[in-house]
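Asker: from the sequence below, what's the structure:
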Amino acid sequence: MVAPNVTISTAGHPIDPEIRITGQQFSLPVTIEDNVWLGTGVIINPGVVIGRNSVIGAGSVVTKSIPPNVVAAGVPCRVIREITAEDKLAFAR
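Answerer: Next comes the predicted model:
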(Lines give C-alpha, C1' and ligand atoms only; values in the text may rest on other atoms or scores of the structure.)
Protein backbone atom coordinates (compact mmCIF):
# COMPACT_ATOMS: atom_id res chain seq x y z
CA MET A 1 0.00 0.00 0.00
CA VAL A 2 1.31 3.42 -0.97
CA ALA A 3 -0.30 6.52 0.54
CA PRO A 4 -0.27 9.95 -1.16
CA ASN A 5 2.93 11.93 -1.75
CA VAL A 6 5.42 9.08 -1.36
CA THR A 7 8.82 9.72 -3.01
CA ILE A 8 10.99 6.82 -4.13
CA SER A 9 14.37 8.20 -5.17
CA THR A 10 17.02 6.15 -6.95
CA ALA A 11 19.34 8.98 -8.00
CA GLY A 12 22.08 10.58 -5.94
CA HIS A 13 24.97 12.98 -6.37
CA PRO A 14 28.61 12.86 -5.29
CA ILE A 15 29.46 14.61 -2.04
CA ASP A 16 32.87 15.84 -3.22
CA PRO A 17 32.30 19.31 -4.76
CA GLU A 18 34.88 18.88 -7.53
CA ILE A 19 33.14 15.75 -8.77
CA ARG A 20 29.63 17.08 -8.11
CA ILE A 21 30.21 20.22 -10.21
CA THR A 22 30.81 17.99 -13.25
CA GLY A 23 27.15 16.97 -13.09
CA GLN A 24 27.83 13.32 -12.36
CA GLN A 25 25.10 11.27 -10.71
CA PHE A 26 24.65 7.72 -9.57
CA SER A 27 21.66 5.43 -9.31
CA LEU A 28 21.03 2.72 -6.74
CA PRO A 29 18.02 0.38 -6.73
CA VAL A 30 15.23 0.62 -4.19
CA THR A 31 13.54 -2.66 -3.23
CA ILE A 32 10.12 -2.70 -1.61
CA GLU A 33 9.22 -6.25 -0.70
CA ASP A 34 5.72 -7.77 -0.56
CA ASN A 35 2.93 -6.44 1.64
CA VAL A 36 4.66 -3.20 2.71
CA TRP A 37 2.63 -0.15 3.73
CA LEU A 38 4.17 3.28 3.09
CA GLY A 39 2.45 6.12 4.95
CA THR A 40 1.72 9.58 3.55
CA GLY A 41 4.77 11.63 2.60
CA VAL A 42 7.37 8.90 3.08
CA ILE A 43 10.69 9.58 1.32
CA ILE A 44 12.83 6.58 0.37
CA ASN A 45 16.49 7.22 -0.50
CA PRO A 46 18.60 5.29 -3.03
CA GLY A 47 19.86 1.82 -2.15
CA VAL A 48 17.22 1.06 0.49
CA VAL A 49 15.45 -2.28 0.96
CA ILE A 50 12.17 -2.35 2.88
CA GLY A 51 11.46 -5.84 4.18
CA ARG A 52 8.20 -7.68 3.61
CA ASN A 53 5.17 -6.87 5.77
CA SER A 54 6.75 -3.75 7.26
CA VAL A 55 4.91 -0.48 7.90
CA ILE A 56 6.66 2.87 7.39
CA GLY A 57 5.05 5.73 9.30
CA ALA A 58 3.87 8.94 7.64
CA GLY A 59 6.53 11.57 7.00
CA SER A 60 9.45 9.19 7.49
CA VAL A 61 12.73 9.59 5.61
CA VAL A 62 14.12 6.11 4.95
CA THR A 63 17.91 6.40 4.64
CA LYS A 64 18.83 2.80 5.56
CA SER A 65 17.27 -0.58 4.91
CA ILE A 66 14.39 -1.72 7.12
CA PRO A 67 14.00 -5.40 8.11
CA PRO A 68 10.84 -7.44 7.54
CA ASN A 69 7.86 -7.47 9.90
CA VAL A 70 8.46 -4.19 11.73
CA VAL A 71 6.89 -0.79 12.26
CA ALA A 72 9.41 1.95 11.50
CA ALA A 73 9.12 5.73 11.47
CA GLY A 74 10.96 9.00 11.93
CA VAL A 75 13.57 11.28 10.42
CA PRO A 76 15.71 9.38 9.88
CA CYS A 77 13.46 6.33 9.86
CA ARG A 78 14.22 3.73 12.54
CA VAL A 79 12.60 0.54 13.73
CA ILE A 80 10.09 1.19 16.52
CA ARG A 81 8.94 -2.38 17.12
CA GLU A 82 8.20 -5.74 15.57
CA ILE A 83 4.75 -6.57 14.24
CA THR A 84 3.29 -9.25 16.54
CA ALA A 85 0.24 -11.47 16.93
CA GLU A 86 -1.16 -8.83 19.28
CA ASP A 87 -1.53 -6.47 16.31
CA LYS A 88 -4.02 -8.89 14.78
CA LEU A 89 -5.91 -9.20 18.07
CA ALA A 90 -6.09 -5.43 18.55
CA PHE A 91 -7.87 -5.05 15.20
CA ALA A 92 -10.38 -7.83 15.96
CA ARG A 93 -11.73 -6.09 19.07
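Asker: for the rest of this, base every contact and every neighbour count on C-alpha atoms.
Answerer: Fine.
Asker: give me the three-state assignment for Gln24.
Answerer: Taking DSSP: H, G, I helix; E, B strand; the rest coil as the rule, one finds Gln24 in the coil state.
Asker: biggest helix in this structure, by residue count?
Answerer: The helix that spans the most residues within the chain, counting by DSSP state H, is helix 85-92.
Asker: mind listing what's buried in that one?
Answerer: By neighbour count on 16 or more other Cα atoms under 10 Å, the buried set for helix 85-92 is empty.
Asker: how far out from the middle of the chain is stretch 25-32?
Answerer: 12 Å (Cα atoms, centre = their mean, to the nearest Å).
Asker: so for the longest helix of the chain, mean pLDDT?
Answerer: When pLDDT is averaged along helix 85-92, the result is 81.
Asker: contact partners for Trp37?
Answerer: Trp37 is in contact with Met1, Val2, Ala3, Asn53, Ser54, Val55, Ile56, counting by Cα atoms under 8 Å, 6 or more residues apart in numbering.
Asker: neighbour-wise, which one of the residues you listed leads?
Answerer: Using other Cα atoms under 10 Å as the neighbour test, the contacts of Trp37 are led by Ile56, with 28 neighbours.
Asker: check contacts around that one.
Answerer: Ile56 sits next to Val36, Trp37, Leu38, Gly39, Val42, Val71, Ala72, Ala73 when contact means Cα under 8 Å, 6+ apart.
Asker: just put those in CSV and tack on secondary structure, pLDDT and distance to Gln24.
Answerer: Below are the contacts of Ile56 laid out as CSV (DSSP: H, G, I helix; E, B strand; the rest coil; pLDDT from 0 to 100; distance: Cα to Cα, whole Å):
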residue, secondary structure, pLDDT, distance to Gln24
Val36, coil, 98, 32
Trp37, strand, 98, 33
Leu38, strand, 98, 30
Gly39, coil, 98, 32
Val42, coil, 98, 26
Val71, strand, 98, 35
Ala72, strand, 98, 32
Ala73, strand, 98, 31
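Asker: quick check, nearest of those residues to Ser27?
Answerer: Val42 (19.2 Å; Cα to Cα).
Asker: so which residue is smack in the middle of this protein?
Answerer: Geometric centre of the chain, nearest residue: Val62, 4.0 Å, by Cα atoms, centre = their mean.
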